[in-house]
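A.B. asks: coords please:
(one chain, ligands or ions: 1)
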Amino acid sequence: MSRIVNPPTVVVQSDAELLAKATAARLVTRLVDAQAMRGTASLVLTGGGIGIAVLEQLALAPARDAIDWSRVDIWWGDERFLPSGDPDRNETQARRALLDHVPVPAERVHPMGASDRVDDSPEAAARRYADELREAAEYGDAVPAFDVCLLGVGEDAHVASLFPGRPAMYETERTVVSVHGSPKPPPVRISLTLPAIRAAREVWLIASGEAKANAIRLALDKAGPIQVPAAGARGRSRTLFLLDRAAASALPPGFYVPGVV
Ligand SMILES: O=C(O)[C@H](O)[C@@H](O)[C@H](O)[C@H](O)COP(=O)(O)O
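C.D. replies: The predicted structure follows:
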């Protein structure tokens, strides 16, 4: 679906709190620039601890309202297939952390399906999300050219709900799939696939903590995406690995780690 041109850039902050703040500040600039160029900005959110911490810091960012929130489209990279409003849903956590505090129009917030919707199954919800993405895309693309796709990274190097060796890793056509038997609870999820993620202009992988160091090393080394999903998460024009020092503690040789105090 897209050619990868640039190797990833690694940026390291001293700790998780500064990582969340710095990533939030980077998002302000990136979304403002996107709006200056195209009039709108498109952002894919992730669940997980550092992903939600970034949203909390974005809500607190001094320059937050430099973003024209009325012209931001919010998508999700994955969702836990739970009833709407469930505290474990990525959507619920994103609303509490950010969306309840900024004036994004309801029609520009695109949550993935919930398990309490009538006649819904994860498969139907995945199909519906793929349709919504296609309707929002330009030039007949399957998904919009997301300005930024945020991704947390699991200890097993999963991103979104794409887990090593699972069927979703072999998906080359569909943009959204259902996931069953997720090794990370809850077991049933909906996820963008790698082809959809790789349609993003920029992919930002965010990780903090020693437990992620090996996954980050594999994702930056020559590993293949089937067993190391984070190794396949690349943006069309830019890929960032935004790490704290602990998650960057096993980087492969050749990656310059900017001065970390
Ligand atoms: O639904 C989810 O759980 C997330 O989308 C998932 O992909 C998460 O980002 C990683 O598991 C990292 O989570 P932590 O940052 O909490 O380790």
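A.B. asks: hey, where'd the helices end up in the chain?
C.D. replies: Along the chain, counting by DSSP state H, helices occupy 16-38, 49-60, 90-97, 122-136, 194-197, 213-220.
A.B. asks: which ones are touching the one residue in the stretch 51-200 of the chain that gets nearest to the ligand?
C.D. replies: Going by Cβ to the nearest ligand atom, the ligand is nearest to Gly152 of the stretch 51-200 of the chain, at 2.3 Å. Placement of C-beta: from N, CA and C, glycine included. Gly152 makes contact with 46-51, 159, 205-207, according to Cβ atoms under 8 Å, 6 or more residues apart in numbering.
A.B. asks: how much space is there between it and Val32?
C.D. replies: 24 Å (Cβ to Cβ, to the nearest Å).
A.B. asks: next one: Asp86
C.D. replies: Asp86 is 33 Å from Val32, by Cβ to Cβ.
A.B. asks: wouldn't Leu150 be in contact with Gly51 here?
C.D. replies: Yes: contact status for Leu150 versus Gly51: in contact at 6.0 Å, counting by Cβ atoms under 8 Å.
A.B. asks: Between these two, which is the more surrounded one?
C.D. replies: Legend: neighbour count by other Cβ atoms under 10 Å for Leu150 and Gly51, higher for Leu150 (29 against 24).
A.B. asks: Just the pLDDT at the nearest residue to that one once chain neighbours are set aside, thanks.
C.D. replies: Distances taken as Cβ to Cβ, 6 or more residues apart in numbering place Thr46 nearest to Leu150, at 4.6 Å, with adjacent residues excluded. Looking at Thr46, its pLDDT is 98.
A.B. asks: Now list the buried members of the contacts of Gly152.
C.D. replies: Buried by 16 or more other Cβ atoms under 10 Å: 46-48, 50-51, 159, 205-207, out of the contacts of Gly152.
A.B. asks: now the strands: where do they sit in the stretch 101-250 of the chain?
C.D. replies: Here the stretch 101-250 of the chain has its strands, by DSSP state E, counting those that start in this stretch, at 148-152, 176-179, 189-192, 202-207, 238-244.
A.B. asks: which one of the ones you listed is the most hemmed in?
C.D. replies: strand 189-192 (a mean of 30; mean count of other Cβ atoms under 10 Å).
A.B. asks: That one near the ligand anywhere?
C.D. replies: No: judged by Cβ under 6 Å from any ligand atom, strand 189-192 stays clear of the ligand, getting no closer than 6.8 Å.
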